[in-house]
Each structure stands twice: as structure tokens, then as C-alpha cells.
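> From the sequence below, what's the structure:
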Amino acid sequence: MKNEKNQGGAIGLDVGTSRICVAREDSGNFQYRSELNAFVVIPYAKMTENVLRRENVPHTVQDGHIAVHGNEAEKFAEFLSVETRRTMTAGLLNAAEPESLSMMRQILGNMVGQASGAKKICFTVPAPPAGAQDNLRYHEATIRQILTELGYTVQSINEGLAVIYSDLENTNYTGIGISCGGGLCNVCFAYLSVPVLSFSVPRAGDYIDSSAASVTGERANRIRMAKEESFHFNGFFGDKVHQVLGVYYDEMIHELVRSMKEAFTGARNLPKLGRPIPLVLSGGTTMPNGFRDRFEKILADEAFPLTISEVRMAAEPLNGSAKGALIAALTDL
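Numbering: from 1, shown residues only. The predicted model follows:
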């Protein structure tokens, strides 16, 4: 499959465990493209290869099989009754997946294309999970190398800081940005755009999916689809999957808020703030109706050490990190 040429002067790239999102600017407007960061392997047949090419389905032919990647992987996984294979886990390249590096090259190449001329790209990296600093360095260096080989001038940005760049211009980029994705919940506190404290919590969307799957007997793929399509926080759950999702969502939010309270209470370098600061929620895991209200209530119950002026959703929760990365790239052009 041919890669598209990038026509813009800069790209923002959110390299997420669940999805990869690309942001570009065109005549002052932000444009986004998102693909599932996963793949499914099917047996090779010339007819299948030809049909996939005609339908413009992202795929790679190698070693006697076809790897279908991106959004179409979910459809193939559903009718084949298998789980999708993931290039990343817990925010980093998946060491347990032998095809993770080769498929990441294919997916990123398909998403951003070969650079034509001098082009700038800024990609997101998570805050280091506890005990995973070395893995984070490898992950960041590998993504940087892939993008450099595609011809880009490359920089990186903390994922939580990208949320702040995207949504806190009106407070001069002072506040807390939280990105709840598939592998991690990333938290960043910035003062006048300078990151002061950042960390990540490993319980996020994938934790909810796998935990709910183990209780219900459903595949994690189907749990994720139910979570994204119909789950909400308010009201009675007659469906067992929705009831179980509510339990693990609550557990995830409590863990996130407890970790935030401990991190901010123990921090010694926080600036003295003369006014309350905003907190912005972003990422696909924050999308169910009622998430913001539930998070705000749990935050209030924990007696958070900073005074929060408001808890609000990002203007574009699914695209906020990519938009922030693009803003960073455009600022440095």
C-alpha cells in the first residue's frame, strides 16, 4: 500500500497505546486522522491482497501472511473471533509482541507518510511509569528513529503537557492536564507552559477492558467496543458488561486521584500560586457521559492539596494530545 505524502509544514503525532492520532493545520484549521494501533494476521492469498489494495485497507504482506492494521483490524478480529495484536502496552512498545517494531514502522509510515522536503514532526511520549524509565528511553528513541528515517525533523513532548498546550492557552498554559488513554493515565502540572510535575498511572483503558473481560467472559475487543459505544456513568445498568465497566472505571478514577494527591502532596518544587488553577481531562477513556462529574466528585472527596478553579473536558478529547503536539511543532518552526 502506498504511503501518502505529507503536504503540511508540521505534524502533531499522538502515539497512543490504543490509537495513533495525527494533527495537521490547513489554513488555520486543525485536521485530524486517527487509526487503531493494532493489527490482525490473516493467511496470505493473492485475491485477498488485491481486494485489500482496491479497498485501500492498510496492510502489509510478509512471511506468507497479511497483517491488517489500523481501524480495519478491529473488524477482522471481530469476525475471526480473535483479539487484536498490539504494538504497544502500558504506553510503551510491547516487548511481548515479536512484530511490534515492524508493525509500528508500517503504521506510522502509513499515518504520516514520507516527508517531502524539510518537515517538522512532534510526537507524544508518556511520563515514565514507575520502574520503567529504561523502557521509556528505548521507546522514545525508537519512535524518533522511525520518524527520522521518514525524513522528518523530530521533537517529542510529554503527553500531559500536550493537553495543556491544546486547552489552556487562556491561562497562559498554567494548570493540570490529564490524558487518560488505553495504556496509561498521564498527568502534568505546568506553570506558564513550563512542566513542573509529571507522572503516569498504569491503570487506564486497557486495564478496564481486560479486567471486565476476565469477569464477563467476553473478549477485551468487545468490551472496548461496548465501552466506547454505549457505556455511561449515570443511571441503572441492566446489562452485566455495563455494570462491570462501572466498577472498574470507578477503581481507575480512585487510583488516579489517589496517585495525584500523593504526588502533589509530596512535591517540594511547586510554585506558589496566587489563584486556583484549571484541570483538563482528555483521552478516549474520559469519553463516557458522566466521567467528568464522577472524577470531580472523587477529587473533592480526597481533599486535593491544590485549589482547582474548574474541572473540564478538553475541547477535543480524542485529538487533544495530537493538537498540543502540533502546537509545539508550529511554535518551533
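> Can you list the low-confidence ranges for this structure?
Judged by pLDDT under 70, the chain has its weakly predicted residues at 1-8, 118, 130-132, 235-238, 333.
> Break it into its domains for me.
Using automatic domain parsing, the domain ranges for the chain come out as 38-75, 170-313.
> what are the ranges of the strands in the stretch 51-200 of the chain?
59-62, 65-69, 85-86, 88-89, 92-93, 119-125, 152-158, 175-180, 185-191, 194-201 (DSSP state E, counting those that start in this stretch).
> Pick the most buried one from those strands.
strand 175-180 (a mean of 28; mean count of other CB atoms under 10 Å). C-beta here means a position set from N, CA and C on the backbone, and glycine is covered the same way.
> Just the residues contacting that one, thanks.
Here strand 175-180 makes contact (CB atoms under 8 Å, 6 or more residues apart in numbering) with 159-164, 166-168, 185-190, 204-205, 252, 256, 277-286, 306, 308, 320-321.
> Which among these count as buried?
For those, a burial check counting by 16 or more other CB atoms under 10 Å picks out 159-164, 166-168, 185-190, 204-205, 252, 256, 277-286, 306, 320-321.
> a markdown table please, covering the strands of the stretch 51-200 of the chain and showing distance to Asp301.
Shown next, in a markdown table, are those (distance: least, CB to CB, whole Å):
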| stretch | distance to Asp301 |
| --- | --- |
| strand 59-62 | 48 |
| strand 65-69 | 42 |
| strand 85-86 | 34 |
| strand 88-89 | 31 |
| strand 92-93 | 32 |
| strand 119-125 | 30 |
| strand 152-158 | 28 |
| strand 175-180 | 17 |
| strand 185-191 | 18 |
| strand 194-201 | 18 |
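> Relative to Met103, which of the ones you listed is closest?
strand 65-69 (6.1 Å; CB to CB).
> what's that closest one in contact with?
Here strand 65-69 makes contact (CB under 8 Å, 6+ apart) with 35-36, 38-44, 48-49, 52, 57-61, 76, 99, 103, 106-107, 110.
> mind redoing it with 7 Å?
Defining contact as CB atoms under 7 Å, 6 or more residues apart in numbering, one finds that strand 65-69 is touched by 38-44, 48-49, 57-60, 76, 103, 106-107.
> now the residues you listed: which count as buried?
38-41, 48, 57-60, 76, 103, 106-107.
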